[in-house]
Structure formats: C-alpha cells, structure tokens
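Asker: next one to model:
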Amino acid sequence: MTSPDAGAASLFVNVNPEAVELEPWPLPTMETEGMEIDGEPGRRGKVLWRSDDRRSVLLIEELEPCTFRGRHGGELVYLVSGKVTGRPEGQPEYEMGPGYLGRFEPGLWDEWVVEETYRKFLYVEADRELPY
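Answerer: Have a look, this model is predicted:
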C-alpha cells in the first residue's frame, strides 16, 4: 500500500484494496453510524484518508454475512468482493457484487442482506463529524 497517514488530509491515496490489512472494528449502532445490525458478524476496516474536519472519509470495510438497516449518509460505495441484496424503502430491490458502484442519497432508508462477506471502498461527505 502506498498512501499517506490516514490521520491527515492528503492529495494522493493509492492502494490495492485486496492487499490492505484491515483492523477489527466495532459493529455499527444507531447512535454511532445510524444503523442497526442483526447478529454478531465480524467487521474490519481501515481509514485510508479523512479530511481535517472529519466530515469526509475514504475507507475500506469488510463485513461478514448479516442483515442491517439504517439511513445512508450520502456515500459512494464500490464493492471489491462479496454479495449484497439491498431493499431501499419505496424503491426496487437491487443486488451488488464485485465491481459494482453505488451512490446513495443522504437519508435513504435501506436494508442490506450481506449474503457473502463483502469488502468495499466507501467515500462519505457529511454535514457532521464522522465516527471514523
């Protein structure tokens, strides 16, 4: 991996998403990330970049099979591996697999069924400080 220290904003990040070593992360909650999750799946991740004000972040997250629901924060997601079925409120069901790219409006209520452990890039810009 060639990238700057994730603690500082930088102009350049260059990584192989399959080679990045991830760290254990706690499961999300409604209080921390606006999500509730069924069960106790393993979750790992790594922040690759964050803005100085902590309102923008680029990260890699891996999550084992489970179901979770909550509101999207306005993010761009690129699935590196795994399989997910999404069930957004008032919208048609969709599937994401390796190579899929999705953009989610802030506030969209969605349920994700993680059918196969996924690894994803996630980029979020928020109007508040993010917990990552």
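
Asker: rest of the way, CA atoms for contacts and neighbours
Answerer: Will do.

Asker: return the per-residue confidence for residue 90.
Answerer: On the pLDDT scale, residue 90 is placed at 94.

Asker: what separation do you get for it and residue 63?
Answerer: Distance, residue 90 to residue 63, by C-alpha to C-alpha, to the nearest Å: 25 Å.

Asker: the bottom helix or strand of the chain by mean pLDDT?
Answerer: Using mean pLDDT, DSSP states H and E, the weakest-scoring helix or strand in the chain turns out to be helix 30-33, at a mean of 86.

Asker: strands paired with the helix or strand just after that helix, and their directions?
Answerer: Downstream of helix 30-33, the first helix or strand assigned by DSSP states H and E is strand 35-38. Applying DSSP bridges, strand 35-38 is found paired with strand 66-71 (antiparallel).

Asker: ok now the strand it pairs with, how far from the chain's centre?
Answerer: From the chain centre to the centre of strand 66-71 is a distance of 12 Å (C-alpha atoms, centre = their mean, to the nearest Å).

Asker: pull the CA atoms of it into PDB?
Answerer: The C-alpha trace of strand 66-71 is given here as PDB (Å, rounded to 0.1, in the frame of the first residue of the first chain):
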ATOM      1  CA  CYS A  66     -25.700 -10.500   8.200                       C
ATOM      2  CA  THR A  67     -28.700  -8.100   7.800                       C
ATOM      3  CA  PHE A  68     -28.500  -4.500   8.700                       C
ATOM      4  CA  ARG A  69     -30.700  -1.500   8.200                       C
ATOM      5  CA  GLY A  70     -30.400   2.300   8.500                       C
ATOM      6  CA  ARG A  71     -30.100   5.600   6.700                       C
END
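
Asker: residues in contact with that strand?
Answerer: 30, 34-39, 41, 106-115 (C-alpha atoms under 8 Å, 6 or more residues apart in numbering).
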